[in-house]
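Enquirer: Next input, structure requested:
(chains A and B)
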Number of protein chains: 2
Amino acid sequence: MHILVTNDDGITAPGLLALAQAMRQCGDVSVVAPDHDWSGGGHVKTLKRPLRVRKVKLPDATAALTSDGAPSDCVALGVMGLLSRKVDLIVSGINPMANLGQDVTYSGTVTAAMEGIIWGIPSIAISLDAGRSDLGDIDYDAASKVARLVIRTVLEKGLPKGIFLNINVPYLAADEIKGIRLTRQGLRVYRDRLDRRTDPRGNDYYWIGGDAPTGVPEKGTDVGALAKGYVSVTPLQLDLTAYKAISTLSQWGWVNEDSVPVNGAVAAGLTELILV
Amino acid sequence: MHILVTNDDGITAPGLLALAQAMRQCGDVSVVAPDHDWSGGGHVKTLKRPLRVRKVKLPDATAALTSDGAPSDCVALGVMGLLSRKVDLIVSGINPMANLGQDVTYSGTVTAAMEGIIWGIPSIAISLDAGRSDLGDIDYDAASKVARLVIRTVLEKGLPKGIFLNINVPYLAADEIKGIRLTRQGLRVYRDRLDRRTDPRGNDYYWIGGDAPTGVPEKGTDVGALAKGYVSVTPLQLDLTAYKAISTLSQWGWVNEDSVPVNGAVAAGLTELILV
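Expert: Next up is the predicted model:
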């Protein structure tokens, strides 16, 4: 079992070290992580510039590779041949802030797992709901234990094809965590505000600022489970199709071939396109 | 009707100019676009550095704003107060390459529309299947007409809440396009390969290279519609939950509160978490 460990906070983050140590109890670990913080960096594929890779050592002397690419680039590099051995599982984290609701497309932690699934490799993102505190002050003990428990289950049972897991752990001691909840993606409430400032040369610049996001702690969701002290496990996929909306939009005169009989679209005369 | 136009190829891209001109026939247009190419740049929220904004003019003398942020940052800036007027609709494009299947989380064009939906504003991404040719040589006439037609329909009917549209236009003359198909997200087939090179100083560097992606032209999908000469309109959402997988994973002993009776989880004794 060969596990590729990555993150979005960069190679020096304590959460990466904690995850690498936890994963070493589940299999052989290779670390390929960004050389700087990519939080909020999205699902990147770097095609217009080359990527550099350096050999480094984690604080516990674990050999690791670091790249100037995004977390998703690190995954791509790892599975495309940078690592000579085939990768069986990708685990990304441990992020010190929860990745809930609509966070998943922004999150470097989660998009690393997205990249893994695109390569057909079981992938898992793990985040700890420790808030915005300093990276160094965070206790990753319970989250490491959860990571180990979940990954052992995944290795034993096997993830359904095309599915990756987004795991969020409440910031509690291990014996205070109430259990694991299987959840759907909830709703984040962003509270960003634009902060306009003027630099010493008199030119304006803009910060995306404001308060940290909250969420709607609805039952059955990632936000809800975490708020009640449970680990949230959300199975995610890369199909973003809004299937329910297809029937609404089909009333606009647009044809959906999945829902019409053969030749029905043509017979209905709905496909004519007048471009003026 | 105030329309925010953006793209991921940057402020100088001919596809942005074509879109701005087409949208001016649907409402008042503000352009806020990146100052460089962000293709494949993902859903970015730039929080760790400030953003700069400059006033520029498009080649037809349209006033525009350009920022050093990602397409999604440009949308956030626009709706958070950079534009004094409320934004009613966000349109991103016209990208000179199709954005199909799993492309949607990588694509700057599509993630700009994702950002719009997060702000609660109807949003549309539009791409032209013109391949990898030089940006300047592309005829955006038919795609502009499609954009106008679709946006007029959206303005008349109103998009369902939380839904954004991913539109792909075949690279054909307007009278050769067969019609509009309402589609689901199909399957992209990526053919990336790692290209390792050595720089003049003897250090290795890596390109994510290989051939352009293909796709599975299945009936009912974006890939399939485009291959047959139809405009593909795919309604997308930000809920990535793999609902079908929840029942599979619930057999692993993880409880889903949406599918158990009240107190059923506790009664079933499945929630105990042993962290060792």
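
Enquirer: Count the neighbours of the nearest residue to A:Lys86 once chain neighbours are set aside for me.
Expert: Closest residue in space to A:Lys86, ignoring its immediate chain neighbours: A:His2 at 6.4 Å, by CB to CB, 6 or more residues apart in numbering or on different chains. C-beta: built from backbone N, CA, C; applies to glycine. Other residues near A:His2 number 13, with proximity taken as other CB atoms under 10 Å in any protein chain shown.

Enquirer: Can you spell out which residues form a bridge with A:His2?
Expert: A:His2 has these beta-bridge partners by DSSP bridges: A:Asp28.

Enquirer: which residues sit in contact with it?
Expert: A:Gly27, A:Asp28, A:Ser30, A:Leu83, A:Arg85, A:Lys86, A:Val87, A:Asp88, A:Leu89 (CB atoms under 8 Å, 6 or more residues apart in numbering or on different chains).

Enquirer: Including pLDDT, neighbour count and secondary structure, could those go into CSV?
Expert: Below are those laid out as CSV (pLDDT from 0 to 100; neighbours: other CB atoms under 10 Å in any protein chain shown; DSSP: H, G, I helix; E, B strand; the rest coil):
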residue, pLDDT, neighbour count, secondary structure
A:Gly27, 96, 14, coil
A:Asp28, 98, 11, strand
A:Ser30, 98, 21, strand
A:Leu83, 97, 15, coil
A:Arg85, 97, 10, coil
A:Lys86, 98, 8, coil
A:Val87, 98, 19, coil
A:Asp88, 97, 14, coil
A:Leu89, 98, 22, strand
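
Enquirer: thinking again about what came up before, distance-wise, check the residue nearest to A:Lys86 relative to B:Asp73.
Expert: For A:His2, the distance to B:Asp73 (CB to CB, to the nearest Å) stands at 37 Å.

Enquirer: cool, and A:Val44?
Expert: 14 Å.

Enquirer: Low-confidence regions, the stretch 151-276 of chain A specifically.
Expert: A:260-276 (pLDDT under 70).

Enquirer: Quick one: the strands in it, in order.
Expert: Using DSSP state E, counting those that start in this stretch, the strands of the stretch 151-276 of chain A run over residues A:164-170, A:179-182, A:187-198, A:204-216, A:230-236.

Enquirer: closest one to A:Ile151 among those?
Expert: Nearest to A:Ile151, of all the strands of the stretch 151-276 of chain A, is strand A:164-170, at 9.5 Å by CB to CB.

Enquirer: neighbours around whatever residue of chain A ends up closest to chain B, how many?
Expert: Chain A approaches chain B most closely through A:Gly42 (2.6 Å), counting by CB to the nearest CB. The burial count assigned to A:Gly42 is 29, neighbours taken as other CB under 10 Å.

Enquirer: Tell me who's in contact with it.
Expert: Going by CB under 8 Å, 6+ apart, A:Gly42 touches A:70, A:105-106, A:108, A:111, B:41-45, B:70, B:72, B:105, B:111.

Enquirer: 6 Å instead, please
Expert: A:Tyr106, B:Gly42, B:His43, B:Val44 (CB atoms under 6 Å, 6 or more residues apart in numbering or on different chains).

Enquirer: By neighbours, which of the residues you listed wins?
Expert: B:His43 (31 neighbours).

Enquirer: mind listing the helices for the stretch 1-150 of chain A?
Expert: A:14-23, A:71-77, A:103-106, A:108-118, A:141-157 (DSSP state H, counting those that start in this stretch).

Enquirer: Tell me which of those sits nearest to B:Asp141.
Expert: So among those, helix A:103-106 is nearest, using CB to CB, at 32.3 Å.

Enquirer: Could you list the residues in contact with that closest one?
Expert: A:Gly40, A:Gly42, A:Val110, A:Arg188, B:His43, B:Lys45, B:Thr105, B:Met114, B:Leu240.

Enquirer: Produce a ChimeraX select command limited to the buried residues of those residues.
Expert: A single ChimeraX command is used to select the members of those judged buried by 16 or more other CB atoms under 10 Å in any protein chain shown:
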select /A:40,42,110,188 /B:43,45,105,114,240
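
Enquirer: Save the contacts of helix A:103-106 as JSON lines, and put in distance to B:Leu58 too.
Expert: As requested, the contacts of helix A:103-106 are arranged in JSON lines below (distance: CB to CB, whole Å):
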{"residue": "A:Gly40", "distance to B:Leu58": "29"}
{"residue": "A:Gly42", "distance to B:Leu58": "26"}
{"residue": "A:Val110", "distance to B:Leu58": "36"}
{"residue": "A:Arg188", "distance to B:Leu58": "35"}
{"residue": "B:His43", "distance to B:Leu58": "25"}
{"residue": "B:Lys45", "distance to B:Leu58": "26"}
{"residue": "B:Thr105", "distance to B:Leu58": "29"}
{"residue": "B:Met114", "distance to B:Leu58": "25"}
{"residue": "B:Leu240", "distance to B:Leu58": "35"}
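
Enquirer: Can you report how many residues lie near the nearest residue to A:Ala173 once chain neighbours are set aside?
Expert: Leaving aside its sequence neighbours, A:Ala173 sits nearest to A:Ala142 (CB to CB, 6+ apart; 6.1 Å). By the criterion of other CB under 10 Å, A:Ala142 has 21 neighbours.

Enquirer: A:Glu176 is in contact with A:Ala142, correct?
Expert: No - using CB atoms under 6 Å as the test, A:Ala142 is too far from A:Glu176 to be in contact (8.1 Å).

Enquirer: got the residues of the stretch 151-276 of chain A near chain B?
Expert: A:153, A:157, A:160, A:163, A:174, A:177, A:179-180, A:182, A:184-185, A:194, A:205-208, A:219-220, A:233, A:235-242, A:245-246, A:248-250, A:252, A:254, A:256-258, A:271, A:273, A:275 (CB under 6 Å from any CB of the partner chain).

Enquirer: Could I have the buried ones of these as PyMOL selection syntax?
Expert: Buried members of those, defined by 16+ other CB under 10 Å, are picked up in PyMOL with:
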select buried, chain A and resi 153+163+174+177+179+180+182+184+185+194+206+207+208+220+233+235+236+237+238+239+240+241+242+245+246+248+249+250+254+256+257
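
Enquirer: what sits opposite A:Arg181 in the beta ladder?
Expert: Here A:Arg181, judged by DSSP bridges, has bridge partners A:Ser232, B:Val255.

Enquirer: surely it meets A:Ala225?
Expert: Yes - A:Arg181 lies in contact with A:Ala225 (CB under 6 Å); the separation is 3.8 Å.

Enquirer: neighbour count winner among the two?
Expert: A:Ala225 (31 against 26).

Enquirer: what's near enough to touch the more buried one?
Expert: Contacts of A:Ala225 by CB under 6 Å, 6+ apart are A:Arg181, A:Thr183, A:Ser232.

Enquirer: per-domain residue ranges of chain A.
Expert: A:2-240, A:243-276 (automatic domain parsing).

Enquirer: Can you tell me which of those domains is most buried?
Expert: Most buried of those, by mean neighbour count (mean count of other CB atoms under 10 Å in any protein chain shown): domain A:2-240, with a mean of 21.

Enquirer: That domain: end-to-end distance?
Expert: Its first and final residues considered, domain A:2-240 spans 30 Å by CA to CA, to the nearest Å.

Enquirer: Return the distance of that domain from the chain's centre.
Expert: Chain-centre distance of domain A:2-240: 5 Å, with CA atoms, centre = their mean, to the nearest Å.

Enquirer: re earlier: export the domains of chain A as CSV, with columns for distance to B:Gly101.
Expert: CSV is the format used below for those (distance: least, CB to CB, whole Å):
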stretch, distance to B:Gly101
domain A:2-240, 8
domain A:243-276, 16
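
Enquirer: Just give me the residue closest to the centre of chain A.
Expert: Centroid-nearest residue in chain A: A:Val110, 0.5 Å away (criterion: CA atoms, centre = their mean).
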